[in-house]
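J.: Next one to model:
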Amino acid sequence: MAEPLLAVENLRVDFDGVTVVDGISFTIGRGECLALVGESGSGKSVTSRSLVGLTGTGARVRVDRLDFEGEDLTRLSQRRWRRIRGARIGFVLQDALSSLDGLRPVGREVAEPLSLHTRLTRTQRQRRVVELLESVGVPEPEVRARQYPYQLSGGLRQRALIASAIACAPRLLIADEPTTALDATVQAQVLALLETLKTSDGGMLVVSHDLAVVARLADRIAVMRDGVIVEQGPTERVLGDPRHEYTRALLAAVPGTRPKGTRLSGVPVPTGARTATRFAAATSAGPAVGGTSAAGPVAGGDVVDVRGLTKSFLGPDGVRRTVVSDVSFTLGAGRTLGIVGESGSGKTTTARMVLGVERPDAGEVRLHGRDWAGLSQTERRRERRRLQVIYQDPLSSFDPRYTVERVIGEALGVIGHRRGAGRRDRTVELLEQVGLDAGHLGRRPLEMSGGQRQRVAIARALAPEPEVIVCDEPVSALDVSVQAQVLDLLADLQQRLGVSYLFISHDLGVIQHVSDRVLVMKDGSVVEAGDTAQIFERPQHAYTRALLAAVPRLNPSKPS
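T.: Reported below is the predicted structural model:
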């Protein structure tokens, strides 16, 4: 047999005596893509970082063999590592916002490996940066290259990170969740790009919770759980005939193939009877239109009515661009409206105007028939509890110094819960409502997993007993099994509490599973709207059809 591009034998990684990777072995051949899949905490990312000497402080790495192109990586000096990283081994990290330098434009970030590992002139590097950004689907690459990471959407930041990783055409590309923040069409572009990088001399290691991405890209799959590989084999066999029960559970958790109302996970959600009763009592005193009950939503009435929203922003080149144009929709009580579209389509800006944190240039948002923007400051403070939000990244929306008790306690303070035993009891009720317990009260965000943090974010959103929750990519950063638990949780809460969701996602499978109606946005405008079944089974607009065609399918039969 030919010598593999990368060979790993008996890799073990400990942190402060705790084993997180426990004796795993695998190879990557030339022209081959291996995918590592598994839940958060399974050891996938630690494994990928270990391969490039970036495990971090406090780590103890032991391995019987770690060879790349015949070179023993365990014997490399730091100087030698710097020559290999970026040039021969590229690395795409999952969190683009923290991986990109917030103090310099993204063009300089993409140009850095070119400066370190090539002899291109400054002009040639600038030209190459634009080519790289364009190759990963970044619109207006000359403009985006001059922007800072905070000025870009999550999808655009991720694309810039991929452009930086492939700048020097590395032999081995390690991609840790490379398409997590990307919408369907751009995801398709990036997957096609990654496929072209699988040359006869090169190889790829992909870490992903998206099994549909894995199905398209990987030649072989290694399934990890609790630091060990529980199943490994060709993609067609692992996805088509999984041998391990954990692999079968991961496949069962994929949304899109399961209609709304069916559970994706085998994890039961607590009944939360105390919270449901309290919520029903609180909302029964509100307006009759769009009210709720413990048994579920009250039929009839729109909670939110959006009419003609328009918003523009001034770009770094001095040009004002319209990002939302004449958007209108309604959201019924106890219903879910899904908003889908590419990065930059105006989804999040629309949500921010609904929440009242961004003022529209034109149009209005009505809450129970009252103009939201036209309320006085006193009225807005009183009504704000009706609208809450769950963000894509709960870690950045929490104060890292706060405990869970304080995070939720602040939200309870908005509705008059004073500090003391009563507030603490109510906080525990909310935690129980989202499948956590009192043992989490003293934890801080960094001490919890991604799924646990998102559950705390949901508990915080529920604290003011809202009628509407804006969910802005609430599961895009979660692996498939935790995503399934969170989606089941949101569905159960809606059934019991009658809360309405404005659900934003680039994941069409998620949108199909959770939504009653769907709004498709492109370039700031609504191009199609309708019932979920109509949109997914009989799309009318060419853009909607293109979006659906771009979605990777969980099909074990790979194209030849």
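J.: which of the residues in the helix or strand containing Glu432 are buried?
T.: Taking DSSP states H and E as the criterion, Glu432 maps to helix 421-433. For helix 421-433, the neighbour count (16 or more other CB atoms under 10 Å) marks Arg423, Arg424, Arg426, Thr427, Val428, Glu429, Leu430, Leu431, Glu432, Gln433 as buried. C-beta here means a position set from N, CA and C on the backbone, and glycine is covered the same way.
J.: Closest one of those to Leu114?
T.: Leu431 (48.8 Å; CB to CB).
J.: Can you give me the end-to-end span of stretch 198-211?
T.: End-to-end span of stretch 198-211 (CA to CA, to the nearest Å): 19 Å.
J.: same question but for stretch 399-410, I mixed them up
T.: Stretch 399-410 has an end-to-end distance of 11 Å (CA to CA).
J.: ditto for stretch 475-483
T.: Span of stretch 475-483 from end to end, CA to CA: 6 Å.
J.: ok, back up a step: now the buried residues of helix 421-433 in CSV, with pLDDT and distance to Gly363?
T.: Converted to CSV, the buried residues of helix 421-433 look like this (pLDDT from 0 to 100; distance: CB to CB, whole Å):
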residue, pLDDT, distance to Gly363
Arg423, 89, 38
Arg424, 91, 42
Arg426, 91, 37
Thr427, 93, 38
Val428, 93, 41
Glu429, 90, 38
Leu430, 91, 34
Leu431, 91, 38
Glu432, 88, 40
Gln433, 82, 35
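J.: from the residues you listed, which single one is nearest His541?
T.: Among the buried residues of helix 421-433, and counting by CB to CB, the member closest to His541 is Gln433, at 38.9 Å.
J.: so how far is Val551 from Ala542?
T.: 16 Å (CB to CB, to the nearest Å).
J.: no wait, Ser115
T.: Distance from Ser115 to Val551, counting by CB to CB: 37 Å.
J.: okay, these two: which has more neighbours?
T.: More crowded of Ser115 and Val551, by other CB atoms under 10 Å: Val551, with 17 against 13.
J.: Thought Val510 was touching the more buried one, still the case?
T.: No. Taking contacts as CB atoms under 8 Å, Val551 lies outside contact range of Val510: 11.0 Å.
J.: For this protein, which element, helix or strand, carries the lowest mean pLDDT?
T.: Least confident helix or strand of the chain, by mean pLDDT, DSSP states H and E, is strand 292-293 with a mean of 33.
J.: got any ranges where this structure has weak pLDDT?
T.: Scanning the chain for pLDDT under 70 picks out the ranges 1, 94-97, 154, 181, 199, 256-259, 266-300, 418, 477, 555-560.
J.: Pick out the residue nearest the middle of it.
T.: For the chain, the residue nearest the mean C-alpha position is Ser476 (2.1 Å; CA atoms, centre = their mean).
J.: From Pro539, how far out is that one?
T.: To Pro539, Ser476 is 22 Å away according to CB to CB.
J.: Same check on Leu161?
T.: 31 Å.
J.: Neighbours of the nearest residue to Pro552 once chain neighbours are set aside, how many?
T.: Counting by CB to CB, 6 or more residues apart in numbering, Pro552 lies nearest to Ala212, which is 4.0 Å off, once chain neighbours are set aside. Per other CB under 10 Å, the neighbour tally for Ala212 reads 22.
J.: One more: Ala362?
T.: 13.
J.: what does the one 10 residues further on give?
T.: Trp372: 23 surrounding residues under other CB under 10 Å.
J.: Enumerate every residue touching it.
T.: Taking CB atoms under 8 Å, 6 or more residues apart in numbering, we find Trp372 in contact with Val354, Gly356, Glu364, Val365, Arg366, Arg380, Glu383.
J.: hang on, the earlier thing: of Leu161 and Pro539, who's got more company?
T.: Leu161 (26 against 19).
J.: The more buried one in helix, strand or coil?
T.: The three-state assignment at Leu161 reads helix, by DSSP: H, G, I helix; E, B strand; the rest coil.
J.: What of Arg12?
T.: strand.
J.: Skipping its backbone neighbours, what lies nearest it in space?
T.: Arg12's closest residue in space is Arg62 (CB to CB, 6+ apart), at 4.6 Å.
J.: State the number of residues packed around the one you found.
T.: Arg62 has 12 neighbouring residues, counting by other CB under 10 Å.
J.: do you know how far the residue nearest to Pro552 is from Arg144?
T.: 27 Å.
J.: just Pro170 next, same as before
T.: From Pro170 to Arg144 the distance is 23 Å (CB to CB).
J.: can I assume Asp399 is in contact with Val407?
T.: Yes. In this structure, Asp399 is within contact of Val407 by CB under 8 Å, at 7.4 Å.
J.: For the two, indicate the residue with more neighbours.
T.: Val407 (23 against 11).
J.: what residues are up against that one?
T.: Counted by CB under 8 Å, 6+ apart, Val407 has contacts Phe398, Asp399, Pro445, Val456, Arg460.
J.: if we can go back for a sec, now do the contacts for the residue nearest to Arg12.
T.: Counting by CB under 8 Å, 6+ apart, Arg62 has contacts Asn10, Leu11, Arg12, Val13.
J.: Give me the buried entries from the residues you listed.
T.: Buried, going by 16+ other CB under 10 Å: Leu11, Arg12, Val13, out of the contacts of Arg62.
J.: Looking at those residues, which one is closest to Glu69?
T.: Looking across these and measuring by CB to CB, the closest to Glu69 is Leu11, at 18.0 Å.
J.: so where do the strands sit in the stretch 101-250 of the chain?
T.: Assigned by DSSP state E, counting those that start in this stretch, the stretch 101-250 of the chain shows strands spanning 172-176, 203-207, 220-225, 228-234.
J.: contact partners of the third one?
T.: Read it as strand 220-225. 24, 26, 32-39, 42-44, 47, 214, 229-235, 238-239, 244, 246-247, 250.
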